[in-house]
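**Q** take this sequence and fold it.
(chains A and B)
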Amino acid sequence: MQIVTANRLVDGRVVFRTAAGHWSETLAAALLLDAADVSAALAASAADVAARRIVAPYAVEVTLTSSGPVPKTVRERIRAGGPTSGSETLAPTRPARAA
Amino acid sequence: MYVYDDFDRRFVAARVEQFRDQVARRLSGELTEEQFRPLRLMNGVYLQLHSYMLRVAIPYGTLSSTQLRRLARIARTHDRGYGHFTTRQNIQFNWPSLEKIPGILAELAEVEMHAIQTSGNCIRSITSDHFAGASADEVVDPRPYAEILRQWSSVHPEFGFLPRKFKIAITGAVQDRAAIRVHDVGLRVVRRDDGEIGFTVFVGGGLGRSPFLAWELRNFLPEKDLLAYVEAILRVYNLYGRRDNKYKARIKILMHEAGFETVRDEVEAEFARIRGRALELPAADVARIARRFALPALAGRPAVSVVEAAAAAADPAFARFVATNVTPHKVTGHASLTISLKPVGGVPGDATADQMDLVADLAERHAFGEIRVGHRQNLILPHVARDDLPAIHAALAAAGLATANAGLAGDTITCPGLDFCALANARSIPVAKKISHRFADPARADEIGPIDIKISGCINACGHHHVGAIGILGVDRKGEEFYQITVGGSAGDDARLGDIAGPGFRPHRVTDAVETVIDTWLDHRVAPSESFVDTYRRVGLAPFREALAALAR
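**A** Predicted structure coming up:
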């Protein structure tokens, strides 16, 4: 299975393409795609690049688990989950916002 | 310290407004990402794994208390409460929103700071010895020349689209603390027997996928010819450097492929053509800029501080801190003090906004309002009275900033790695954290003594792993992290590139591998004063490779 991810233009946050064609910061909200559907999803994403919502969309291989999709590579797991060992916990984070 | 004149102020303000317009045009769709990317990079804005990242220049690593407080304020109000100091003496904010960055740049401009040329294929921010102007072993203060190079290279119309980035480092001390042999241009300011000041010029060093130590292009370049000669180097590089392959585009590859003599002859020919003209440095201008870097009025003090000695006798933690983090100053009774940003279990190079404010206050109270950022990702108070060391230590300790490990095993150089960086293949920070825990015991760290451990999360080598006594390189093996160990590297006067010491290790074995290399060194060194690299030159790779192979079995 695959999902489509990108960075939001205005603040660079990692987002995932949802079934409704929106972009969510929540990995669990990502639309799961069969290989055959990936190119159509990327084409739709390209329209969102033109519409200035996101930059650099691409597809990511995931495994479906009981808690939702989990990317197969450590890079994409960290990208989806945030830094594993940074100083972020030293200071409060601000609420997320929608694309 | 250097203070902006009217030209500098107008120049930086104009660049902020230019970028504000570029961001507005990007957000309105007038500019595509492809068009915007080189523009944002020229202003230090990257798109990283989780967010945009803003890299702010700290030219030659020199900061005032006012500037450091401003960085703290930006961390607090526009980011997530901390900043990351880098091996190029810059600071990075990991979470800025693109729409806020022009405002951040305007706040920086108010305190004479900017992010110009901290990225992109241009001449990057100039780096230098973090003890410049202070250290006992200094021959000539390199900062005036670093500032002259900064002014010359800022938005230089000819060098905005080089084949690839271009890094210049400069030192003026006996001991090279600026890693000049691994820069595109490395300069050593020297004073000849007849008193004339000039530069030994090294060209073509660099790490990354194809590491090279720089070649010496000129043994003595007269002071007045600095800009003409460096411009000649840049012109030859700009003309002949490869643009067909970004991995072969640095000047080191040109040197390697065309040959040292060919490049030198081209540079000398161009230099002969342009020397003695507009780029010749007028002695009066050099003197005017040098006055900005005059040594503060340090009061005369006895060589031995009674206050310091009493504190050291009463407090072993302070005595240890002095032994590891305090460096001799050129003026008797004074010292330079290294504030380690490598607490046990901490993120190397990170400082919270509160810590930055505290260091700014301490610098104002005890160190003439001056702070340095070192390429080993620590902060330095360059000019402090030894009598003040106990008070400074107490204040640092209360803020978690008194880790006594400068130059020791816990004082790693560590890139952001896969926790943040879009280019990384593996994480660096967790590796550094585990190493800092393993060697946290002061008795163990002292038994080992000074050692450079350097960690990069990919082959681009931001963590300088090639020139670590122990280098750790993170690689991707089928989507999982793996780490390769190199040994025997050095960035200093005995510069050498490390050698790969056998198999790769999974993340949970890396600390064991590091300890194995260290134990092998301790077994072979003839005296505690023998450095890792000296031992390595004597015994070679074999004992280290064998020990790591045994660990891997």
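**Q** spatially central residue in chain A, please.
**A** Closest to where the C-alpha atoms of chain A average out (CA atoms, centre = their mean) is residue A:16, at 2.7 Å.
**Q** so how far is stretch B:402-413 from its chain's centroid?
**A** Distance of stretch B:402-413 from the chain centroid (CA atoms, centre = their mean, to the nearest Å) equals 16 Å.
**Q** ends of that stretch, how far apart?
**A** 18 Å (CA to CA, to the nearest Å).
**Q** please name the nearest non-neighbouring residue to the residue nearest to the centre of chain A.
**A** Distances taken as CB to CB, 6 or more residues apart in numbering or on different chains put residue A:30 closest to residue A:16, at 3.7 Å, once the chain neighbours are dropped. C-betas here are computed from N, CA, C, even on glycine.
**Q** surely that neighbour meets residue A:2?
**A** No: the criterion here is CB atoms under 8 Å, and residue A:30 misses it with residue A:2 at 9.4 Å.
**Q** identify the contacts common to those two.
**A** Common contacts of residue A:30 and residue A:2, defined by CB atoms under 8 Å, 6 or more residues apart in numbering or on different chains, comprise residue A:62.
**Q** neighbour count winner among these two?
**A** Neighbour totals were compared for residue A:30 and residue A:2, and residue A:30 leads with 25 against 22 (other CB atoms under 10 Å in any protein chain shown).
**Q** which residues touch that one?
**A** Counting by CB under 8 Å, 6+ apart, residue A:30 makes contact with A:3-5, A:16-18, A:24, A:62, A:69.
**Q** mind running it again at 6 Å?
**A** A:3, A:16, A:69 (CB atoms under 6 Å, 6 or more residues apart in numbering or on different chains).
**Q** which strand residues bridge it?
**A** Beta-bridge pairing for residue A:30 (DSSP bridges): residue A:18.
**Q** if I look at it, how far off is residue B:169?
**A** The gap separating residue A:30 from residue B:169 is 45 Å, by CB to CB, to the nearest Å.
**Q** just residue B:432 next, same as before
**A** Residue B:432 is 23 Å from residue B:169, where distance means CB to CB.
**Q** does residue B:128 touch residue B:147 like I think?
**A** No: Residue B:128 lies out of contact with residue B:147 (CB atoms under 6 Å); the separation is 9.8 Å.
**Q** of these two, who's got more company?
**A** Counted by other CB under 10 Å, residue B:128 and residue B:147 do not tie: residue B:128 has more neighbours, with 33 against 21.
**Q** picking up where we left off before, now name the helix or strand holding the residue nearest to the centre of chain A.
**A** Secondary structure assignment for residue A:16, by DSSP states H and E: strand A:14-17.
**Q** listing partners with orientation, what would you give for the helix or strand following that strand?
**A** Next helix or strand after strand A:14-17 toward the C-terminus (DSSP H and E): strand A:23-24. Paired with strand A:23-24 in the same sheet, following DSSP bridges, are strand A:14-17 (antiparallel).
**Q** list the contacts of stretch B:273-287.
**A** B:224-228, B:231.
**Q** so how far is residue B:76 from the residue lying closest to residue B:352 once chain neighbours are set aside?
**A** Among residues not flanking residue B:352 along the chain, residue B:82 sits closest, at 4.7 Å (CB to CB, 6+ apart). From residue B:82 over to residue B:76 the distance is 9 Å, taken as CB to CB.
**Q** returning to that earlier point: how many residues are close by the residue nearest to residue B:352?
**A** Residues within reach of residue B:82, counting by other CB under 10 Å, total 24.
**Q** show me what contacts residue B:414?
**A** B:348, B:428, B:432, B:455, B:463.
**Q** so what sits opposite it in the bridge?
**A** Beta-bridge partners of residue B:414, counted by DSSP bridges, are residue B:455.
**Q** I'd say residue B:407 and residue B:450 touch.
**A** Yes: with contact defined as CB under 6 Å, residue B:407 counts as touching residue B:450 (4.4 Å).
**Q** residue 68: what's it in contact with?
**A** Here I'm looking at chain A. Residues in contact with residue A:68, defined by CB under 6 Å, 6+ apart, are residue A:28.
**Q** my bad, chain B
**A** B:356, B:360, B:371 are the contacts of residue B:68 under CB under 6 Å, 6+ apart.
**Q** hang on, the last one is in a strand, isn't it?
**A** Just to be clear, that refers to residue B:371. Yes: counting by DSSP: H, G, I helix; E, B strand; the rest coil, residue B:371 is located in a strand.
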